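S.K.: Next comes the sequence, and after it the predicted model I'd like to discuss.
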Amino acid sequence: MPDLLQLEKRHLWHPFTPMQAWCEDDHEPLLLVSGKGCTLTDQHGREYLDGNSSIWTNIHGHGHPTITAAIRAQLDRVAHTSFLGFSHEPAIQLGKALINLLPGSALGRAFYSDNGSTAIESAIRMALQFCKQNERPERDTILAFDRAYHGDTLGAASVGGIPIFKGSGNDFGYRVQRVPNLAALESLTADQTSRIAAVIIEPLIQGSAGMRLWPKGMLAQLSRWCLDRDILLILDEVMTGFGRTGTMFACQQEGVVPDFLCLAKGLTGGYLPLAATLTTERVFEGFLGAGRAFYYGHSYTANQLGCAAALGSLQVFREECVMENLRGKIMRFTELLQTLRELPQVIEIRQLGLIAGIEIGPYPPEEQRGAKVCHAVRKHGLLTRPVVDTIVLMPPLSVTEAEMKRMMEAMRLGIIEVCE
Ligand SMILES: *Cc1c(COP(=O)(O)O)cnc(C)c1O
């Protein structure tokens, strides 16, 4: 094992990670070797609860027999073939199943890609190309919100509003109009509004901003604002999709149907990278006609194993009545979070469904208390990551009450230890 860690430090490079500190001798990277349900096991056989669903991806727990069997069965046929010029049954079945999750809505087309960022990238490109080739070339702007996070490709990062995720800080290829909230839309000039092709938002809750909730009714109002001006609405449900907020999709809580619904993280139950951008027949028809095509795609688009995993995950939703059981679980989650609210170091807890942001402080950011708490809770058998001083607790939907209790206790001990 020491050899493996030496190789790791010598050859690998991690995302969003200060590598100087990572490579120091006294830092022992955690190697995760196996997982079952909400439990992950490291190289020493120590067990941890997966407190952030392996960075917001896992839905039904690790090693779920139904998803594993679905992937295995597909693997015995073929692992991957091209979606450029060919099709296959898992993609067709999954497309139909995703559309069926939004019964009666105008969303009737599924476009596949590989991850959340490319799901967003696809929606932005579709919206801009749709306007350009359908007599609205002046609509060259995407409106986005402050503190939004929509992914890391240049196109997706351009609509993000969190500086550290933007790297060089440049916007690329198209215009972005940024606003802090709904009220700010009213102060846009007529000229500014007339240039907006689409509005993009994380519905109900901004994830990477630190689990910040939008006011109730905001999404429905935004949707109306867009409809009145014939502006396209892109919903980024990469984090909120697949039950995380208590409904299958967050937009259903305010009865909103967007022009684009971007799905990734939980789509495969958190087993394989796959994304889908759902859109309407109207947008699709805007791409018909001689010589027209949507000029975008990736080598692994609609990967068969990913589609099989996603179908497996949807099967678990049905067979195990996941959404029906969720309501009681969320109520228990709310009650248990109360034990943390009582700590003097906790200044706010923001919760939606099985997503919680526990904010400690106020502390100067350079003290990195959030990161220290996340490190401290490892000793108590919990893995998670912070957003500055907001600690994320987002268990898989399969979490049990006993596991939720253990997560809260680990969190309580960790906070007290780091912030006494
Ligand atoms: C994670 C995330 C993304 C980006 O997804 P990746 O798969 O990491 O590219 C986009 N939007 C939201 C809201 C996310 O949480």
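M.R.: Yep, that arrived. What you are looking at is a predicted structure, and each value in this text was computed from that prediction instead of being measured. Residues are numbered from 1 along each chain as shown.
S.K.: Just give the number of residues close to the closest residue to the ligand within the stretch 251-400 of the chain.
M.R.: Nearest to the ligand in the stretch 251-400 of the chain, going by Cβ to the nearest ligand atom, is residue 264, at a distance of 4.7 Å. In short, each C-beta sits where N, CA and C put it, glycine included. Residues lying near residue 264 (other Cβ atoms under 10 Å) number 27.
S.K.: For residue 125, give its distance to residue 420.
M.R.: With distances taken as Cβ to Cβ, to the nearest Å, residue 125 is found 51 Å from residue 420.
S.K.: Would you double-check that residue 234 falls in a strand?
M.R.: Yes. Per DSSP: H, G, I helix; E, B strand; the rest coil, residue 234 lies within a strand segment.
S.K.: quick one on the thing from earlier: show me the contacts for the residue of the stretch 251-400 of the chain closest to the ligand.
M.R.: 115-116, 119, 238, 241, 273-276 (Cβ atoms under 8 Å, 6 or more residues apart in numbering).
S.K.: what residues does stretch 186-201 touch?
M.R.: 120, 123-124, 127-128, 130-131, 136, 138-145, 148, 150, 159, 175, 177, 179, 219, 222, 226, 229, 231-236, 259-260.
S.K.: Can you give me the neighbour number for residue 89?
M.R.: That count, for residue 89 with other Cβ under 10 Å as the rule, works out to 13.
S.K.: coming back round to it: which one's more surrounded, residue 125 and residue 420?
M.R.: residue 125 (18 against 6).
S.K.: how about that one, what does it touch?
M.R.: Counting by Cβ under 8 Å, 6+ apart, residue 125 has contacts 155, 294, 296.
S.K.: Tell me the predicted confidence for the closest residue to the ligand within the stretch 1-150 of the chain.
M.R.: For the stretch 1-150 of the chain, the residue closest to the ligand is residue 116, as judged by Cβ to the nearest ligand atom, at 2.0 Å. Residue 116 carries a pLDDT score of 98 in this model.
S.K.: what does residue 33 give?
M.R.: On the pLDDT scale, residue 33 gets 98.
S.K.: Ok, residue 89 next?
M.R.: 98.
S.K.: cool, residue 146 as well?
M.R.: The model's pLDDT for residue 146 equals 97.
S.K.: ok, it - how many residues close by?
M.R.: Neighbours of residue 146 using other Cβ under 10 Å come to 13.
S.K.: check contacts around it.
M.R.: Taking Cβ under 8 Å, 6+ apart as the test, what residue 146 contacts is 161, 178-181.
S.K.: can you list the residues you listed in a markdown table and add secondary structure and pLDDT?
M.R.: Below are the contacts of residue 146 laid out as a markdown table (DSSP: H, G, I helix; E, B strand; the rest coil; pLDDT from 0 to 100):
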| residue | secondary structure | pLDDT |
| --- | --- | --- |
| 161 | coil | 90 |
| 178 | strand | 96 |
| 179 | strand | 98 |
| 180 | coil | 98 |
| 181 | coil | 97 |
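S.K.: ok, back up a step: could you report the separation of the residue of the stretch 1-150 of the chain closest to the ligand from residue 74?
M.R.: 23 Å.
S.K.: now residue 173
M.R.: 36 Å.
S.K.: Between these two, which is the more surrounded one?
M.R.: Per other Cβ under 10 Å, whichever of residue 173 and residue 74 has more neighbours is residue 74, with 23 against 12.
S.K.: tell me which element that one falls in.
M.R.: Per DSSP states H and E: residue 74 is located in helix 65-77.
S.K.: Which other helices and strands does that helix contact?
M.R.: Using 3 or more Cβ pairs under 8 Å, 6 or more residues apart in numbering; DSSP states H and E, the elements in contact with helix 65-77 are helix 304-319.
S.K.: any residues touching the helix or strand following the helix it packs on, and which ones?
M.R.: Proceeding N to C from helix 304-319, the next assigned helix or strand is helix 322-341, under DSSP H and E. Applying Cβ under 8 Å, 6+ apart, the contact partners of helix 322-341 are 60, 243, 246-248, 316-317, 346, 349, 351, 353-354, 356, 358, 393, 397-399, 401, 404-405, 408, 411-412, 415.
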